[in-house]
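> show me the folded form of this:
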Amino acid sequence: METIKIRDEFIKLGQALKLAGLVDSGVMAKEVILDGLVTVNGNVELQRGKKLYEGDVFSFEGEEVKVTKS
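Numbers count the residues shown, from 1 in each chain. Modelled structure (predicted):
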């Protein structure tokens, strides 16, 4: 499982997908989220602006990423 480090209290799902290198752009993030291809903590998430906090895990195309705080 990969990890991404955030400095703030949270990161939005679309930004997290880009930071993890799972998508190339915000537009692509929006599309894969709205298509129901992204899960957060095991549940399909359809909100691009979903706030992710330390300890949350999201996945896309079999890649799981955990949010940690730096």
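> just the CA coordinates for stretch 22-29, please, in CSV.
Coordinates of each C-alpha in stretch 22-29 appear next as CSV, following Å, rounded to 0.1, in the frame of the first residue of the first chain:
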residue,chain,number,x,y,z
LEU,A,22,-3.3,7.7,-10.1
VAL,A,23,-4.7,10.3,-12.5
ASP,A,24,-3.1,13.0,-14.7
SER,A,25,-5.5,15.8,-14.2
GLY,A,26,-8.4,17.2,-12.2
VAL,A,27,-10.7,16.5,-15.1
MET,A,28,-9.6,12.8,-15.1
ALA,A,29,-10.1,12.6,-11.4
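> which of the residues in it are buried?
Going by neighbour count (16 or more other CB atoms under 10 Å), the buried part of stretch 22-29 is 22-23, 29. Every residue, glycine included, has its C-beta placed from N, CA and C.
> try stretch 6-21
For stretch 6-21, using 16+ other CB under 10 Å, the buried residues are 6, 10-18, 20.
> who does the top helix by length along the chain touch, helix- and strand-wise?
Counting residues, the longest helix in the chain under DSSP state H turns out to be helix 26-34. When contacts are defined as 3 or more CB pairs under 8 Å, 6 or more residues apart in numbering; DSSP states H and E, helix 26-34 packs onto helix 13-19.
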